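*Asks:* quick check, what structure comes out for this input:
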Amino acid sequence: MNAQKRVNEKLFSKTNNTELSTQKVELGLAQDLLQDYKKAVDQFTSAESAMDRASEMLKQTKRIYNDLEQKSKELGIELDAATKKLGTNLDSFIKSSSRK
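*Replies:* Coordinates of the predicted model:
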């Protein structure tokens, strides 16, 4: 009877250790997931903030372009093709930045 008790104790103690090891691995994975999630959220927030700043800069640049375009018309001067292309590109960038 004493031998059976020792066998049972050994058997159950190994099973218990295995279960604890499995739980540690699962806990470690959960902690890794949480840590990676927090990093991703920080990166997204930072990128979103940078996009907002870039969008505002594009809008300011477009206002300057519109002012230049208006003043050139008042003076009877045609904008060159490269400057007109810049205005078109600004419109495109502003449109795509507002789709977030």
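*Asks:* just checking, which helix or strand succeeds whichever strand or helix holds residue 33 along the chain?
*Replies:* Per DSSP states H and E, residue 33 falls inside helix 2-75. Per DSSP H and E, helix 2-75 leads on to helix 81-97 as the next helix or strand towards the C-terminus.
*Asks:* pLDDT on that following helix, on average?
*Replies:* Average pLDDT, helix 81-97: 93.
*Asks:* can you give me the buried ones in that helix?
*Replies:* Buried residues in helix 81-97, counting neighbours by 16 or more other C-beta atoms under 10 Å, are found at 86, 87, 90, 93, 97. Yep, even glycine has a C-beta here, placed from its N, CA and C like the rest.
*Asks:* hang on, the earlier thing: can you name every helix or strand that the helix holding residue 33 contacts?
*Replies:* helix 81-97 (3 or more C-beta pairs under 8 Å, 6 or more residues apart in numbering; DSSP states H and E).
*Asks:* off-centre distance for the helix it packs on?
*Replies:* Distance, stretch centre to chain centre, for helix 81-97: 25 Å (C-alpha atoms, centre = their mean, to the nearest Å).
*Asks:* also stretch 29-46?
*Replies:* 10 Å.
*Asks:* low pLDDT regions in this protein?
*Replies:* Where the chain drops to pLDDT under 70, the residues are 1, 4-25, 100.
*Asks:* pick out the residue nearest the middle of it.
*Replies:* The C-alpha lying nearest the average C-alpha coordinate of the chain belongs to residue 44 (C-alpha atoms, centre = their mean; 2.4 Å).
*Asks:* residue contacts, it?
*Replies:* With C-beta atoms under 8 Å, 6 or more residues apart in numbering as the criterion, no residue contacts residue 44.
*Asks:* so it versus residue 50, what's the distance?
*Replies:* Distance of residue 44 to residue 50, computed by C-beta to C-beta, to the nearest Å: 11 Å.
*Asks:* just want the angle from the helix holding residue 33 to helix 81-97.
*Replies:* Here the directions of helix 2-75 and helix 81-97 differ by 140 degrees (axes from the mean of the first three to the mean of the last three C-alpha atoms, to 10 degrees).
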